[in-house]
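Asks: let me see the structure of the following:
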Amino acid sequence: MPPLGMSRPSPSLTAYPEPGTYDAPPMITLLCDQEDAKIHYTRDGSSPTSDSPVFDPYRLIPLEQFGEEVPEGKRSYTLRAIAVADDRVSDEVILRYDIDPRDRGAFVSEEILPGVRLIRDFENNKMYLVTGSERALLIDAGMSTGDLRGYVLALTGDLPLDVCITHGHPDHVAAMGQFQADHAVYMHPADMPLLQRFKEHLNFDIDLSAVRPIDEGFVFDLGYRRLTVYHIPGHSKGCLALLDEPSGILLAGDAIGSNGPTIVDALWLQMSADGVDDYLSALQVFRSKVAGRIRYICGGHGARYLEGEAYLDNLQEAAQQLIDLGPGTLVPSPRPAGAWKSVCGDRLTDPNWASINVHRDTCLSAPPDAIATLSNLQVKGATMVEPFKPQRLDYTATLQQTGAVEIIATAMSRRHAALTVDGKQATSGQPFRVALTGDPQTVTIEVVAPDGETTNGYTLSVTRG
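Replies: Prediction:
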């Protein structure tokens, strides 16, 4: 509070992003230096009053409303705003944003990391061209109807080219048919129904029979660069990410979301039939396979590459807090309308903030107090035969050594009432040593939900094989 006898100054307004020229219309955040102030604004050029709409920080201002007719070519938008706090009113600010879009068939590109070129189409959908000493790989095919094939081949020269589609949504597949006559195009088979659906409705020229199926473990050998494929379902059933281990570059499509600060983005799960708990498990399983090896993340929509472990920590926390505490932690998502999101980090100050869009009523497979599943199960000293999934309760593992194994069981909820291995208390996410006396030997793992009543029992049969 100001000293006695002094009145508080009038509020002051700023905007993020700042007024200027953009190639795509940003979403506008209005900011005031006094938290108790209400910000009133107009989009039609008139001066705002206390009766004008109030800015909602969870409903950012779109310069172009979804579904409204948008003029072609260059265009300008003007916002006017005031802040009102008690009887104090800020000066009016006038914010002009000029939009200078690329031609619908145009592409731009830049090398953002050694050997990794970012290509953007007219809607800023992202594709990546990765070059090695012997081959090149195009990751995703954008939304443009322009000559992507010609643009890419002009960059690759004499290098043979393959194409990998990270998932089957239209903003990643539109131009893939341009390559199928003389280049191999790969995608996870779980997303073929998506490809069929969008091909029929959006008239993409794609030969479905020529799409080559790939799954986790497939390696694109480009010469000195080798990209290993990982399957991270959630955004779609067949979402893939590719890791170049020596450089630590993860090319992730939409498998782990994006976090653009101006066109506010997120990991989109609101269209998924699976719960956030299924996604948390998929993310934890993936991270346990690549622990400490990701330096940079190149996503399908974000404004820049991300710091690998910092972003993944935030993304995992966004999922975990929703599982632990339930939908009460959600806030409205700025896009699309009707979605809710779980957030970790401040998008205005933290370049590695993360958020997850969900459908509020179906985002969890059970109420938070009744979640009694594991999110990950690892065995050190033995190889698990079946891939881990929270709903699968029985597993087998083949022994790599004699004497003992270490079991790492991670409870889905951090609020779980108990976690036991062979009847003994265990710590979630920490190794638990089990001596082996039989062949096979069955190890039991039990999780008790936060309610203290709901339980699930897992079994792991360890054999010397």
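
Asks: burial count for residue 73?
Replies: 8 (other CB atoms under 10 Å). C-beta coordinates here come from the backbone N, C-alpha and C atoms, glycine included.

Asks: I'd guess it is in a helix, am I close?
Replies: No - looking at residue 73 with DSSP: H, G, I helix; E, B strand; the rest coil, it is coil, so not inside a helix.

Asks: wait, it touches residue 101, no?
Replies: Yes - at 7.3 Å, residue 73 counts as touching residue 101 under the criterion of CB atoms under 8 Å.

Asks: distance check, the spatially most central residue of the chain against residue 358.
Replies: Taking CA atoms, centre = their mean, the centroid of the chain lies closest to residue 257, which sits 1.3 Å from it. The gap separating residue 257 from residue 358 is 12 Å, by CB to CB, to the nearest Å.

Asks: any low-confidence regions in the protein?
Replies: Applying pLDDT under 70 to the chain picks out residues 1-8, 66-68, 465.

Asks: which parts of it are helices?
Replies: For the chain, the helices defined by DSSP state H occupy 148-156, 170-173, 192-202, 276-289, 308-325.

Asks: and of those, who's closest to residue 403?
Replies: helix 276-289 (23.0 Å; CB to CB).

Asks: strands along the stretch 251-400 of the chain, start to end?
Replies: 267-268, 296-299, 306-307, 331-332, 340-344, 354-358, 374-380, 382-384, 394-399 (DSSP state E, counting those that start in this stretch).

Asks: now the ones you listed as TSV including mean neighbour count and distance to residue 149?
Replies: Below are those laid out as TSV (neighbours: other CB atoms under 10 Å; distance: least, CB to CB, whole Å):
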stretch	mean neighbour count	distance to residue 149
strand 267-268	26	28
strand 296-299	25	21
strand 306-307	22	29
strand 331-332	13	41
strand 340-344	23	36
strand 354-358	27	33
strand 374-380	22	41
strand 382-384	17	42
strand 394-399	18	45
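
Asks: how far does stretch 215-233 stretch from start to finish?
Replies: In stretch 215-233, first residue to last residue: 11 Å (CA to CA, to the nearest Å).

Asks: cool, stretch 350-367 as well?
Replies: 31 Å.

Asks: returning to that earlier point: so which of the strands of the stretch 251-400 of the chain is nearest residue 94?
Replies: strand 331-332 (27.6 Å).

Asks: what's the offset of that closest one from the middle of its chain?
Replies: Between the centre of strand 331-332 and the centre of its chain there are 17 Å (CA atoms, centre = their mean, to the nearest Å).

Asks: same for it, what does it pack against?
Replies: Secondary-structure packing of strand 331-332 (3 or more CB pairs under 8 Å, 6 or more residues apart in numbering; DSSP states H and E): strand 340-344.

Asks: okay, now residue 131: neighbour count?
Replies: Residues near residue 131, counting by other CB under 10 Å, number 22.

Asks: please report how far it lies from residue 212.
Replies: On the measure of CB to CB, residue 131 and residue 212 end up 21 Å apart.

Asks: same thing with residue 56?
Replies: 47 Å.

Asks: could you report the neighbour count for the spatially closest residue to residue 350 that is not a sequence neighbour?
Replies: In this structure, residue 350 finds its nearest non-sequential neighbour in residue 314, 7.7 Å apart by CB to CB, 6 or more residues apart in numbering. Residues within reach of residue 314, counting by other CB under 10 Å, total 20.

Asks: surely residue 14 touches residue 31?
Replies: Yes - Residue 14 lies in contact with residue 31 (CB under 8 Å); the separation is 4.9 Å.

Asks: shared neighbours of these two, which are they?
Replies: Overlap of the contact sets of residue 14 and residue 31 (by CB atoms under 8 Å, 6 or more residues apart in numbering) is empty.

Asks: got the contact list for the nearest residue to residue 139 once chain neighbours are set aside?
Replies: What sits nearest to residue 139 in space, not counting adjacent residues and going by CB to CB, 6+ apart, is residue 128, at 4.4 Å. Applying CB under 8 Å, 6+ apart to residue 128 gives the contacts 116, 117, 118, 119, 138, 139, 140, 251, 298.

Asks: among those, which ones are buried?
Replies: 116, 117, 118, 119, 138, 139, 140, 251, 298 (16 or more other CB atoms under 10 Å).

Asks: my guess is the last one contacts residue 119. True?
Replies: Spelled out, that is residue 298. No - with contact defined as CB under 8 Å, residue 298 does not reach residue 119; the gap is 11.4 Å.

Asks: quickly list what's touching both of the two.
Replies: Common contacts of residue 298 and residue 119, defined by CB under 8 Å, 6+ apart, comprise 126, 128.

Asks: what is the neighbour count of the residue nearest to residue 196 when sequence neighbours are not counted?
Replies: With CB to CB, 6+ apart as the criterion, residue 196 has its nearest non-adjacent residue at 6.3 Å, and that residue is residue 208. A count of nearby residues for residue 208, using other CB under 10 Å, gives 11.

Asks: same question, residue 439
Replies: 10.

Asks: please apply the same query to residue 263.
Replies: Burial of residue 263 is recorded as 21 neighbouring residues (other CB under 10 Å).

Asks: ok, back up a step: so which of the helices of the chain comes closest to residue 445?
Replies: helix 276-289 (14.7 Å).

Asks: can I get the closest one in CSV, CA atoms only?
Replies: Output in CSV follows, covering the C-alpha atoms of helix 276-289 (Å, rounded to 0.1, in the frame of the first residue of the first chain):
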residue,chain,number,x,y,z
VAL,A,276,-4.3,-38.5,-18.8
ASP,A,277,-3.2,-41.4,-16.6
ASP,A,278,-2.6,-43.5,-19.7
TYR,A,279,-0.6,-40.7,-21.2
LEU,A,280,1.5,-40.1,-18.0
SER,A,281,2.4,-43.8,-18.2
ALA,A,282,3.4,-43.6,-21.8
LEU,A,283,5.5,-40.6,-21.1
GLN,A,284,7.2,-42.1,-18.0
VAL,A,285,7.9,-45.4,-19.9
PHE,A,286,9.5,-43.4,-22.8
ARG,A,287,11.6,-41.3,-20.4
SER,A,288,12.9,-44.4,-18.6
LYS,A,289,14.2,-45.6,-21.9
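
Asks: can you offset everything so residue one is 6?
Replies: With 6 as the first residue, the last one maps to helix 281-294.

Asks: how far off strand 379-385 does that helix point, in degrees?
Replies: Put simply, helix 281-294 runs at 20 degrees to strand 379-385, going by axes from the mean of the first three to the mean of the last three CA atoms, to 10 degrees.

Asks: mind listing what's buried along helix 281-294?
Replies: Those would be 281, 282, 283, 284, 285, 286, 287, 288, 289, 290, 291, 292, for helix 281-294 by 16+ other CB under 10 Å.

Asks: same question for stretch 80-87.
Replies: Neighbour-count burial for stretch 80-87 flags 82, 84, 85, 86, 87 (criterion: 16+ other CB under 10 Å).

Asks: just flag the most distant two among those residues.
Replies: The distance between the two most remote of the buried residues of stretch 80-87 (CB to CB) is 17.9 Å, for 82 and 87.
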